[in-house]
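Visitor: please find the sequence and the predicted model below.
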Amino acid sequence: VAQWLMRLYRDSTYEIPSFLDTTKTGLPYSTNSSTFEFQFVEQDENQLRIRASDSNPYRTCRVDTVVNASITNIKAPNFTFNSSCLFPQDTVYTPEVKDLYETQDSLIIDFGDNNLRYYSGKLSQPIFYTYKDTGDFQIKFKVIDKRFNCVDSIVKTKTIFPSPRLEFVTSPPCEKSPVTFTSISKPGRPGNPIDSLTWIFPGTAPVKSKLETANYTFAEGGTFNIELRAKDKIGCTSSLIQQLVVNPAPKAKFITDTANQFAFRNLQFYDLSEANGPNGQITSWLWNFGDGDTSTLQNPVHYYDSVAIYNAKLSVLNQYGCRDTLVGKINLNAYLLLPSAFSPNNEGDPRNENLAIIQRGVSAINDFKIYNRFGELVFQTNDLKQAWDGKFKGSEQPSGVYQYYINARTIYGKEIAIQGNVTLIH
């Protein structure tokens, strides 16, 4: 709308302005005794004819005045924006190019959070802006044409949504054992649930899942960066990088008294576990002997009442809560031996008069032989209950050292053999 101020003398009147170029059109906007306004429908260089005349009844006097009117069209551009979330995500404002004009001198954007940006000339590229807080913001695009002091603006409301709040916990982080990661993250706002989680572990590709837990095994101890990413239902994302200290694990190790690894006798277990780490310390032991019995002693003794192969297991725990377990096979022989000496006709100790096999778990004797120091066979039997009385063909044998050899079969069908020396004392 352009406005002109006119000075009319005496009884002069004027006609509605018209274009000199009859192909152009416009709309009279308003008139009164001293001013007129005219609305143009397009921007251009225009010439208007203004005709005034007096009201003298005896003559008609007219005067034409040509007014030059340079009309500019200034309009704030409409704009669109994406669904936006809190920092660090950008809000993208896209002005519509069709609403931008060459006559635009500057564009001022008020992002609604007391921050302004100024742009010169024509702008047709997307505008990126990062909000530091959530809420509703009044976004104002204002354009200015300085030549004619023309101004136009457009205002829209933009809502910035909170991103998911990320947090996770772990099981005791130990090397060589699966570590369970559990997300305890919360939605940015009620009704906008987390839609997906992505776990990023050292040296692996991102693992995307809707599950709140993930497992990862660290080959060694140390400090590692663990990243958790989340995306909610409307597309807001968050990322959390958290350092995790992975502690060294102990090394379980044990041996047994192999010289006495028999059934029906006490078997000694020895813990040889290694704590590992500069300040490593084993704080607890748990033994499972494979026959249903357990122990929490460091070096326990256990009695097996059957000839069999047992899977004995030792589990050790250090001060970090890290555990290691070792399973070892205990192959038990039947209990089979001879006394180291005996004394026939010894009235002081009748239990020692005969040399008898002491056993548990033996079902039969395949061969039981005794030799004197000359290599002569002085006794032989395959009767488990038969003992040597120190005689050979009815004659007492002299005192001395004799050698024995026993071959037996256990109640589970396993053959065992022992040999050694026994002393005959008169």
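Guide: Looks like it arrived, so ask away.
Visitor: who does the closest residue to Pro173 other than its chain neighbours bridge with?
Guide: Of all residues not flanking Pro173 in the chain, Val246 sits nearest, at 4.6 Å (C-beta to C-beta, 6 or more residues apart in numbering). Any C-beta I mention is one placed from the backbone N, CA and C, and that applies to glycine too. Residues in a beta bridge with Val246, per DSSP bridges, are Gly222.
Visitor: do you know how far the closest residue in space to Gly280 that isn't next to it in sequence is from Ala275?
Guide: Nearest residue to Gly280 in three dimensions, chain neighbours excluded: Asn318, at 5.7 Å (C-beta to C-beta, 6+ apart). Asn318 sits 6 Å away from Ala275, going by C-beta to C-beta, to the nearest Å.
Visitor: between these two, which is the more surrounded one?
Guide: More crowded of Asn318 and Ala275, by other C-beta atoms under 10 Å: Asn318, with 24 against 17.
Visitor: so that one touches Thr283, yeah?
Guide: Yes. The criterion here is C-beta atoms under 8 Å, and Asn318 meets it with Thr283 at 6.2 Å.
Visitor: before we move on, the earlier item: and for Asn318 and Ala275, which residues touch both?
Guide: Counting by C-beta atoms under 8 Å, 6 or more residues apart in numbering, the common neighbours of Asn318 and Ala275 are 250, 281-282.
Visitor: which among those count as buried?
Guide: With burial judged by 16 or more other C-beta atoms under 10 Å, the buried subset of the shared contacts of Asn318 and Ala275 is 250, 282.
Visitor: let's have the shared contacts of Asn318 and Ala275 in TSV, adding secondary structure, pLDDT and distance to Val307.
Guide: Output for the shared contacts of Asn318 and Ala275, formatted as TSV (DSSP: H, G, I helix; E, B strand; the rest coil; pLDDT from 0 to 100; distance: C-beta to C-beta, whole Å):
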residue	secondary structure	pLDDT	distance to Val307
Pro250	coil	95	33
Gln281	coil	93	38
Ile282	strand	96	33
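Visitor: make a markdown table from the shared contacts of Asn318 and Ala275 and add distance to Asn115 to it.
Guide: Formatted as a markdown table, the shared contacts of Asn318 and Ala275 follow (distance: C-beta to C-beta, whole Å):
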| residue | distance to Asn115 |
| --- | --- |
| Pro250 | 57 |
| Gln281 | 57 |
| Ile282 | 60 |
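Visitor: out of the shared contacts of Asn318 and Ala275, who's nearest Tyr119?
Guide: Pro250 (65.2 Å; C-beta to C-beta).
Visitor: that closest one against Ser315, yeah?
Guide: No. With contact defined as C-beta under 8 Å, Pro250 does not count as touching Ser315 (9.7 Å).
Visitor: so what sits against both of those two?
Guide: Common neighbours of Pro250 and Ser315 (C-beta under 8 Å, 6+ apart) are 323-324.
Visitor: got the contact list for stretch 213-228?
Guide: 166, 168, 173-183, 185, 197-202, 204, 207, 239-249, 277.
Visitor: filter those down to the ones in strands?
Guide: 168, 178-183, 197-200, 207, 239-246 (DSSP state E).
Visitor: pull out the buried members of the residues you listed.
Guide: 168, 179, 181, 183, 197-200, 240, 244, 246.
Visitor: output those as CSV; include the columns pLDDT.
Guide: Output for these, formatted as CSV (pLDDT from 0 to 100):
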residue, pLDDT
Phe168, 96
Val179, 94
Phe181, 95
Ser183, 95
Leu197, 92
Thr198, 91
Trp199, 92
Ile200, 91
Leu240, 94
Leu244, 96
Val246, 95
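Visitor: show the pLDDT at the residue lying closest to Arg265 once chain neighbours are set aside.
Guide: Computed as C-beta to C-beta, 6+ apart, the closest residue to Arg265 that is not its neighbour in sequence is Tyr335, at 5.5 Å. Per-residue pLDDT puts Tyr335 at 81.
Visitor: likewise for the one 3 residues further on?
Guide: Confidence per residue is given as pLDDT, and for Leu338 that number is 91.
Visitor: report the separation between it and Phe79.
Guide: According to C-beta to C-beta, Leu338 stands 104 Å off from Phe79.
Visitor: wait, isn't the residue nearest to Arg265 in contact with Ala263?
Guide: Yes. At 6.0 Å, Tyr335 counts as touching Ala263 under the criterion of C-beta under 8 Å.
Visitor: what about the two, which has more around it?
Guide: Taking other C-beta under 10 Å, Tyr335 and Ala263 do not tie; Ala263 has more neighbours (22 against 19).
Visitor: right, and that one touches Tyr304 too?
Guide: Yes. Using C-beta under 8 Å, Ala263 and Tyr304 qualify as a contacting pair, with a distance of 5.0 Å.
Visitor: intersection of neighbour lists for these two?
Guide: With C-beta under 8 Å, 6+ apart, Ala263 and Tyr304 have common neighbours Leu332.
Visitor: check contacts around the closest residue to Val179 other than its chain neighbours.
Guide: Excluding the flanking residues, the one nearest Val179 by C-beta to C-beta, 6+ apart is Pro173, at 5.1 Å. If a contact means C-beta under 8 Å, 6+ apart, then Pro173 has 179, 218, 244-247 as its contacts.
Visitor: one step back: give me the beta-bridge partners of the residue nearest to Arg265?
Guide: Going by DSSP bridges, Tyr335 forms beta bridges with Arg360.
Visitor: how about the contacts made by it?
Guide: 262-265, 358-362.
Visitor: just Val245 next, same as before
Guide: By C-beta under 8 Å, 6+ apart, the neighbours of Val245 are 173, 222-223.
Visitor: same question for Val207.
Guide: Val207 neighbours (C-beta under 8 Å, 6+ apart): 198-201, 214.
Visitor: where does the residue nearest to Arg189 when sequence neighbours are not counted land on pLDDT?
Guide: Nearest residue to Arg189, sequence neighbours excluded (C-beta to C-beta, 6+ apart): Pro162, at 5.4 Å. Note for Pro162: predicted pLDDT of 88.
Visitor: same check on the one 3 residues further on?
Guide: Here, the pLDDT recorded for Arg165 equals 91.
Visitor: and for the one 10 residues further on?
Guide: The model reports Glu175 with a pLDDT of 93.
Visitor: again, but for Asn346
Guide: So, for Asn346, pLDDT stands at 61.
Visitor: try Gly121
Guide: Confidence score, pLDDT, at Gly121: 67.
Visitor: low-scoring stretches of the stretch 151-300 of the chain, by residue?
Guide: The stretch 151-300 of the chain contains no residues with pLDDT under 70.
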